[in-house]
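Q: kindly return the folded structure for what I paste below:
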Amino acid sequence: MFDALSEKLDLVFKKLRGQGVLTEENVKEALREVRLALLEADVNFKVVKDFVERIRERSVGSDVLESLTPGQQVIKIVHEELVALMGGSEDNSLDLAARPPVAIMMVGLQGAGKTTTCGKLAKRLKGERRRPLLVPADVYRPAAIEQLKTLGRQLNIEVFDSKGDQSPVDICREALKYAELSGLDTVIFDTAGRHQIDDYLMEELERIKEEVEPREILFVADAMTGQEAVNVATGFNDRLDISGVVLTKLDGDAKGGAALSIRAVTGKPIKFVGIGEKLDAIEVFYPDRLVSRILGMGDVLTLIEKAQETFDAKEAEKLRQKLKKSQFDLEDFKNQLQQLKKMGSLESLMGMIPGVGKAMKQLQGAQPSEKELKRVEAIINSMTPAERANHTIINGSRRLRIAKGSGTTVQDVNLLLKRFTEAQKVMKQLQKLGPKGLMKGMGGMGGLGKGMFPF
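A: Here you go, the predicted structure:
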């Protein structure tokens, strides 16, 4: 989502780094470009004005202008102010410390992804050993109730049996009583939305709030709608006093202005972000991590957390031993591809490694796509166990058979085998580096796409 903004800020920072000595005029010019970059990213005008003024005040001080690395000092200030803009180090965790069942109201306009977010949040809470109940309280949108029930079946999470002819307030009241009698500790209410805010909707939500006394009221905003999401959030906050925001579709290709504006305008924290369509594609929002991604600094902490959630510890140790003995084969590689796909899109993962996302963009044709991953997996699946264990036995006739079986060409098979051989060499080199040298080695892998990924 932030590619355009990242590229423009990167150009500004390159100019700053190239200045041996910074003057007030240098800083003024740089901040003019930062201002334009943020406005083009659809960030709220007042937010941009205040943000740039804070940076200017901090950047023209003698400590910055006379430092040995003035450009780096200004970049550091921009980083700190962006983090502060989106919430800084404030606690954005859910407030669930109450006598169960704890009520969570999900509110927002139609099309923001509210119902799916209810399912994602319930799945996350279930993973934290809570016992959630999903409540379909939208009786207006066709199939809204059935959609939530379908999600509940997929997640093996109980869904309250709402009926389309019931009052939403009655549904919420009865669901809360049911949860208490059933020993369920968290109730997530999927309330109705509209295409725009109206008094009837708000009055209904206010009655539900009065009835269930929610611990959290989360406004679900579509990050793709830009400034409109900020305006709508303000409207909901004025009437309901929301406790936080969930930004959906942060993996989209919009400008990202909502993510940078919504906290500053509403004064309420962003608590979660949706980063894909899968039901586990929801993350706790950490302002410093998002800012690091925007400024091209990567997000290693999130990458590590994703890996810990996805990869089995025993399998990881087994793989480490195989790498140590140079026994890594195509079957192991296929297994790693499958694990990698569970972590999310390859492009987003690359963006979390400092320097690698930018390097991949610069290497034309080096960015592996999801389609290419599937093709590699199909080729490996067409091999016999013996061929996967020892790729050197794959001769001309075997390559033809593998190509036909996978719906690819002999050239595709040849390329895979060539890249896999190169990847084995790279892995041996990284193994020699040891744990301390591993990240250093990754940071300098200009030919990452040509060595680590065999396609």
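
Q: please make it C-alpha for all contacts and neighbour counts, starting now.
A: Noted.

Q: retrieve the pLDDT associated with the residue nearest the centre of the chain.
A: By C-alpha atoms, centre = their mean, the mean C-alpha position of the chain lies nearest to I275, the distance being 4.0 Å. Looking at I275, its pLDDT stands at 82.

Q: thought A281 was touching it, still the case?
A: Yes - between I275 and A281 there is a contact under C-alpha atoms under 8 Å: 5.3 Å.

Q: and the residue nearest to the centre of the chain, backbone torsions?
A: Main-chain dihedrals, I275, degrees, to the nearest 10: phi -120, psi 20.

Q: before we move on, what about the one 3 residues further on?
A: Taking degrees, to the nearest 10, you get phi -60, psi 150 for the backbone angles of K278.

Q: and the gap between it and Q424?
A: Distance, K278 to Q424, by C-alpha to C-alpha, to the nearest Å: 32 Å.

Q: so these two - more neighbours on which side?
A: More neighbours surround Q424 than the other of K278 and Q424, with 20 against 12 (other C-alpha atoms under 10 Å).

Q: who's in contact with the residue nearest to the centre of the chain?
A: Residues counted as contacts of I275 (C-alpha atoms under 8 Å, 6 or more residues apart in numbering) are 248-251, 281-283.

Q: with adjacent residues omitted, what lies nearest to E213?
A: Distances taken as C-alpha to C-alpha, 6 or more residues apart in numbering put A103 closest to E213, at 7.0 Å, once the chain neighbours are dropped.

Q: quick one: distance of whatever helix or strand that neighbour lives in to the chain centre.
A: Assigned by DSSP states H and E, A103 falls within strand 102-107. A distance of 22 Å separates the centroid of the chain from that of strand 102-107, by C-alpha atoms, centre = their mean, to the nearest Å.

Q: before we move on, what about stretch 269-285?
A: Worked out by C-alpha atoms, centre = their mean, stretch 269-285 lies 6 Å from the chain centre.

Q: ends of that stretch, what's the gap?
A: From its first residue to its last, stretch 269-285 covers 9 Å (C-alpha to C-alpha).

Q: domain parsing for this protein?
A: 3-85, 102-290, 300-451 (automatic domain parsing).

Q: S93: which of the ones you listed is closest?
A: For those, proximity to S93 was assessed by C-alpha to C-alpha; domain 102-290 is nearest, at 6.5 Å.

Q: would you list the phi and psi of the residue lying closest to D280 once chain neighbours are set aside?
A: Distance criterion C-alpha to C-alpha, 6+ apart; nearest residue to D280, sequence neighbours excluded, is K120 at 6.0 Å. Backbone torsions of K120, given as degrees, to the nearest 10, read phi -60, psi -40.

Q: and K120, what is it in contact with?
A: Shown in contact with K120 (C-alpha under 8 Å, 6+ apart): 279-282.

Q: among these, who's most crowded?
A: I282 (23 neighbours).

Q: the residue nearest to E213 touches I188, doesn't it?
A: Yes - the criterion here is C-alpha under 8 Å, and A103 meets it with I188 at 6.2 Å.

Q: more crowded one of these two?
A: Each of A103 and I188 has its neighbours counted (other C-alpha under 10 Å); I188 has more, 27 against 24.

Q: in the sheet, who's paired with the more buried one?
A: I104, L134 (DSSP bridges).

Q: picking up where we left off before, quick one: least confident of the contacts of I275?
A: Minimum pLDDT across the contacts of I275 falls on D251, with 72.

Q: that one - how many residues pack around it?
A: If we define neighbours as other C-alpha under 10 Å, then D251 has 19 of them.

Q: per-residue pLDDT, M297?
A: 55.

Q: that older thread, what mean pLDDT does the strand holding A103 have?
A: For strand 102-107, the per-residue pLDDT averages 96.

Q: where does the closest residue to L240 other than its chain neighbours land in three-state SS?
A: Distances taken as C-alpha to C-alpha, 6+ apart place E206 nearest to L240, at 6.6 Å, with adjacent residues excluded. Following DSSP: H, G, I helix; E, B strand; the rest coil, the label given to E206 is helix.

Q: follow-up on the earlier one: tell me the most buried of the domains of the chain?
A: Scoring those by mean neighbour count under mean count of other C-alpha atoms under 10 Å gives domain 102-290 as the most buried, with a mean of 20.

Q: and that domain, end to end?
A: First-to-last residue span, domain 102-290, C-alpha to C-alpha: 29 Å.

Q: identify all contacting residues around the helix or strand harbouring R388.
A: Element membership of R388 [criterion: DSSP H and E] is helix 385-389. The contact list for helix 385-389 (C-alpha under 8 Å, 6+ apart) reads 329-331, 380, 393-394.

Q: can you rerun that using 6 Å?
A: Contacts of helix 385-389 from elsewhere in the structure, counted by C-alpha atoms under 6 Å, 6 or more residues apart in numbering, are 329-331.

Q: of those residues, closest to N414?
A: Out of the contacts of helix 385-389, the member with the shortest distance to N414 (by C-alpha to C-alpha) is L330, at 13.7 Å.

Q: what sits closest to that closest one if chain neighbours are left out?
A: With C-alpha to C-alpha, 6+ apart, the residue lying closest to L330 is R388, at 4.9 Å.
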